[in-house]
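Q: sharing a model that was predicted from the sequence below.
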There are 2 protein chains.
Amino acid sequence: MENSDVDLDGDLAELRVKLGDRLITERAAVAPFERDSSRTVFAGEALALVLAESAEDVSNALAWANTRGIPVSVRGAGTGLVGGATAYDRGLIVSLERMNAILEISPRERLATVQPGVVTADLDEAAHAHGLFFPPDPASVRTCTVGGNIATNAGGLRCVAHGVTSDWIAALTVVLADGRVMRTGARTRKNVVGYDLTRLFVGSEGTLGVIVEATVRLESLPPGAPVTFWAEFDGLAGAGGAVTEIVGSSSRPEVLELMDALTVQTIEAVFPSGMRIPRGALLVGQTVGPDAAAHADAILAICRAHGASDAAIAANDDLVEARRKSNPALSARGLKIACDVGVPVSRLAEMFAGVAEISRQHGIEVASVAHAGDGNLHCKVAAPNTPTGIAAADALIDDITRLALTLDGTITGEHGIGSVKQHELAWQLDAVALDVQREIKRALDPRGILSPGRAI
Amino acid sequence: MENSDVDLDGDLAELRVKLGDRLITERAAVAPFERDSSRTVFAGEALALVLAESAEDVSNALAWANTRGIPVSVRGAGTGLVGGATAYDRGLIVSLERMNAILEISPRERLATVQPGVVTADLDEAAHAHGLFFPPDPASVRTCTVGGNIATNAGGLRCVAHGVTSDWIAALTVVLADGRVMRTGARTRKNVVGYDLTRLFVGSEGTLGVIVEATVRLESLPPGAPVTFWAEFDGLAGAGGAVTEIVGSSSRPEVLELMDALTVQTIEAVFPSGMRIPRGALLVGQTVGPDAAAHADAILAICRAHGASDAAIAANDDLVEARRKSNPALSARGLKIACDVGVPVSRLAEMFAGVAEISRQHGIEVASVAHAGDGNLHCKVAAPNTPTGIAAADALIDDITRLALTLDGTITGEHGIGSVKQHELAWQLDAVALDVQREIKRALDPRGILSPGRAI
């Protein structure tokens, strides 16, 4: 583990005493941990990487960095899209990928306790063995980690039915910037003891502390198989109206996704599965539980009433699987720069229309896909991989983001702020809220070592 | 409005310029606002009362108090049970009861925007007109206010199905200690912009700011009438086992309440309705929606499998209404000192058994009633209204509270900490969490004027 490339000075040696070979300094070994899955963010060259195996490792690493004012980036699987986990120049990287144990599943309490590095799908599958599941399911569910989901308050396809990650977190163990370890929350459904520190850390994107253990809620698996349904619309107005009525009905689906024609066409071009290209938009969803088929029928009736040109129950879940491939498909065709705005569900049709208009104005192709049931829209923009191309795409994304805000929306529904959306923060938050965030940050991390310059 | 009893010094005159006759200083008019519904808490004699009619009034009042270091108590309807809203000696009282407008109901977005002083049941009923309802329903729903519900993260009977107040709050407008006004949250279902300031203020019991407006989520009213069911058990172990299985099943009820024999007997004695006294416990609940009857049948089958001596669907909802009278009934018979512990649902039977044992040890009668579906238990203790009697009841409550913690529980499920449970805080929270709470408080309210000495 000795290293000749990096100047292993006395300070790092001191950390080495605590961490042994969990402290990595070889450039070649450190470099893969310096970037996340964002495309345009500059990543620094880190001083060292900590492959933490325990809360104590994390505590030692942070205490060391805090004393020296060294910036720390924190990462699970590095699937983030907004530069929240990229390294700082001469910074320390804390990776939680080795802390991937499922410590407990309690079927009686429908709780699981996990280390932060457990892959989200692994937790979900372990819960299945007990007739339970873990509802949050970001598209990256097979690679992302529960700790990362919590740090970013991740969303996904099932949010229309089950809410977001924060709705499923009962308790956390967190290491603070100075190395102190704190427990938050409780195992009970209700708990009103002091401030909701659990929720303060959920979505704080590594700026307030490092999550080293989480107790999460599980849900009972609904009986039977899910029923997949689809509806084609000639225009987006009808689809938007249908979605608004569906989520307000008593037949609320577990999944409700809307893709524009360009998205469907691109998925079919890259991963052919016989999907028909709609004129306007394709709505795809799933219902679950004992009345899944009846609920799907009720949803189809709503779609037809809103002008669906065709609508039916599908023989299998291929359409949902195809939907999950939209990101790689669009990226493969050069539609790489993504945004993550949200609007009230009732404003979705207006949002889609506005995006089409913005695309026309900029003369740049945009593909849109939405977690329609919760109003969360991902627009992917064609961008040649040049500074000019990326700048043009970013300018278009800025216009989409401003449009979402005029429709009572949000600048980010599930990806977070990270480094990428810093410039948008003041578009949504008022000056006092920005100040309050900084005051909280200062109170918990006075030296500002944790993910500085990100999230807030 | 002039006043001769109180020394209206130059400072108060300055506030009077801003507030006019919304500033009250007559002792007789101020006194009714000095206490909440807690029984054993000393209330101070306030300097003045602000009957705020706008965010600006609240801002002016806080800025004035902050400059002078004057402690502020904040109140909605004063239904709190833990001394969270009692006045400070020479303090300022900010009452929000006049800010009781429902500003907007948006059926399309299933959102309502309200002032904090709106009575919870009034919001719920206004939503009914649009086929919607507001799920949080503390027992005091007809008198308590939405602002108070948010400040305490109130619970209630429907939490087993719909969660707690924090699950239904989309956005807040808050006045900070120094009078600055801040907006938090968004109208979208997903929103991960910076820290979750909304959730930080929910349950902060008036220590971080004053909520002057809230945008809350509404839910679609289920079709049809609710179905009420009941099951009698000879002992509490069987009832506890049934509850655990019911909440893990796909027939989860909207209400699931458990009363011990003493509670049922007392309700029947005070408000006779023909309720039969069970040997051990009575479980009462409701299912809703199109399959309400089938779900109730499934629940009854679970009860019988767990040894219910009798179980059936009720002809009406009298039993649920009787349950809502447990508090006044028990109080009328001298069982006045209450606690509000929570345990994981699977530990309820142990908790009931432990409470019975503690009651025996202390030689004091205890009646228990639980929001069984979420493990939240209210024990009411017989206490003569003397210092000795109250001290003996408090000692018993302390033992019950410690028992809840040994069962992975919480010291308060829905009432909050207020003044009453200060001494219990360190039983549940570690030293670091206590520090972090104080650090956050200091960051947002550096002069410590907002509800000092409470909640954290």
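A: All right, it came through fine. Residues are numbered from 1 along each chain as shown, chains lettered A, B, ... in the order given.

Q: going by C-alpha atoms from here, please, whenever you check contacts or count neighbours.
A: OK.

Q: not counting its neighbours along the chain, what's nearest residue A:382?
A: Leaving out its chain neighbours, the residue that sits closest to residue A:382 by C-alpha to C-alpha, 6 or more residues apart in numbering or on different chains is residue A:335, at 3.9 Å.

Q: go ahead and confirm residue A:451 touches residue A:72.
A: Yes - counting by C-alpha atoms under 8 Å, residue A:72 is a contact partner of residue A:451 at 5.8 Å.

Q: pick out whichever of these two has more residues nearby.
A: residue A:72 (31 against 25; other C-alpha atoms under 10 Å in any protein chain shown).

Q: and residue A:276, how many neighbours?
A: The burial count for residue A:276: 12, using other C-alpha under 10 Å.

Q: can you tell me how far it is from residue A:264?
A: As defined by C-alpha to C-alpha, to the nearest Å, residue A:276 lies at a distance of 8 Å from residue A:264.

Q: now do residue A:410
A: Applying C-alpha to C-alpha to residue A:410 and residue A:264 gives a distance of 25 Å.

Q: the two: who's more crowded?
A: residue A:410 (31 against 25).

Q: which SS class is residue A:93?
A: Using DSSP: H, G, I helix; E, B strand; the rest coil, the structure places residue A:93 in strand.

Q: need the contact list for it.
A: A:33, A:34, A:46, A:48, A:49, A:50, A:72, A:73, A:74, A:75, A:87 (C-alpha atoms under 8 Å, 6 or more residues apart in numbering or on different chains).

Q: so residue A:259 lies in a strand, does it not?
A: Yes - per three-state DSSP, residue A:259 lies within a strand segment.

Q: grab the nearest non-local neighbour of it.
A: Using C-alpha to C-alpha, 6+ apart and skipping residues adjacent in sequence, the residue nearest residue A:259 is residue A:369, 4.4 Å away.

Q: just to check, the one you found is in contact with residue A:355?
A: No - Residue A:369 is beyond contact range of residue A:355, at 11.4 Å (criterion: C-alpha under 8 Å).

Q: between those two, point out the one with more neighbours.
A: In this view residue A:369 and residue A:355 are compared by other C-alpha under 10 Å, and residue A:369 has more residues nearby, 26 against 23.

Q: next SSE after the helix or strand containing the more buried one?
A: Secondary structure from DSSP states H and E places residue A:369 in strand A:366-371. Per DSSP H and E, the first helix or strand lying C-terminal to strand A:366-371 is strand A:376-382.

Q: partners of that following strand, with directions?
A: Applying DSSP bridges, strand A:376-382 is found paired with strand A:335-338 (antiparallel), strand A:341-342 (antiparallel), strand A:366-371 (antiparallel).

Q: dump the longest one to PDB, restricted to CA.
A: Which is strand A:366-371. Taking C-alpha atoms only, strand A:366-371 is exported to PDB below (Å, rounded to 0.1, in the frame of the first residue of the first chain):
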ATOM      1  CA  VAL A 366     -35.500  17.700 -26.500                       C
ATOM      2  CA  ALA A 367     -37.000  14.400 -25.400                       C
ATOM      3  CA  SER A 368     -39.200  14.400 -22.400                       C
ATOM      4  CA  VAL A 369     -40.200  11.600 -20.000                       C
ATOM      5  CA  ALA A 370     -42.100  12.000 -16.800                       C
ATOM      6  CA  HIS A 371     -42.900  10.300 -13.600                       C
END
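
Q: just put the strands paired with strand A:376-382 in JSON lines and tack on distance to residue A:200.
A: Converted to JSON lines, the strands paired with strand A:376-382 look like this (distance: least, C-alpha to C-alpha, whole Å):
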{"stretch": "strand A:335-338", "distance to residue A:200": "27"}
{"stretch": "strand A:341-342", "distance to residue A:200": "21"}
{"stretch": "strand A:366-371", "distance to residue A:200": "25"}
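
Q: which residue would be the closest one in the stretch 251-400 of chain A to chain B?
A: The minimum distance from the stretch 251-400 of chain A to chain B, using C-alpha to the nearest C-alpha, falls at residue A:344 (4.9 Å).

Q: was I right about that residue contacting residue A:375?
A: Yes - if you go by C-alpha under 8 Å, residue A:344 and residue A:375 touch, sitting 5.6 Å apart.

Q: touching both of these two, which residues are there?
A: By C-alpha under 8 Å, 6+ apart, residue A:344 and residue A:375 have these common neighbours: B:188, B:189.

Q: looking at the two, which one has more neighbours?
A: Comparing residue A:344 with residue A:375 by other C-alpha under 10 Å, the one with more neighbours is residue A:375, at 30 against 27.

Q: show me what contacts that one?
A: Counting by C-alpha under 8 Å, 6+ apart, residue A:375 touches A:342, A:343, A:344, A:345, A:347, A:348, B:188, B:189, B:190.

Q: ok, the residue of the stretch 251-400 of chain A closest to chain B - contacts?
A: Residues in contact with residue A:344 (C-alpha under 8 Å, 6+ apart) are A:374, A:375, A:407, A:408, A:409, B:109, B:187, B:188, B:189.

Q: next, the contact list for residue A:72, please.
A: Residue A:72 touches A:62, A:65, A:87, A:88, A:91, A:92, A:93, A:94, A:449, A:450, A:451, A:452, counting by C-alpha under 8 Å, 6+ apart.

Q: now do the contacts for the last one.
A: Taking C-alpha under 8 Å, 6+ apart as the contact definition, residue A:452 lies against A:71, A:72, A:207.

Q: mind listing which of those are in strands?
A: Among the contacts of residue A:452, DSSP state E puts residue A:72 in strands.

Q: bridge partners for residue A:379, pull those for me.
A: Residues in beta-bridge contact with residue A:379 (DSSP bridges): residue A:368.

Q: pretty sure it is touching residue A:336, no?
A: No - at 9.5 Å, residue A:379 and residue A:336 do not qualify as touching, with contact defined as C-alpha under 8 Å.

Q: kindly check the end-to-end length of stretch A:107-120 for me.
A: Across stretch A:107-120, first to last residue, C-alpha to C-alpha, it's 18 Å.

Q: mind listing residues that contact it?
A: Contacts of stretch A:107-120 (C-alpha under 8 Å, 6+ apart): A:76-77, A:96-106, A:130, A:132, A:137, A:141-148, A:187, A:211-220, B:244, B:248, B:344-346.

Q: over to stretch A:36-43?
A: The set of residues external to stretch A:36-43 that reach it, using C-alpha under 8 Å, 6+ apart, is A:34-35, A:78-89, A:337, A:390, A:419-420.

Q: buried sites along it?
A: A:36, A:37, A:38, A:39, A:40, A:41, A:43 (16 or more other C-alpha atoms under 10 Å in any protein chain shown).
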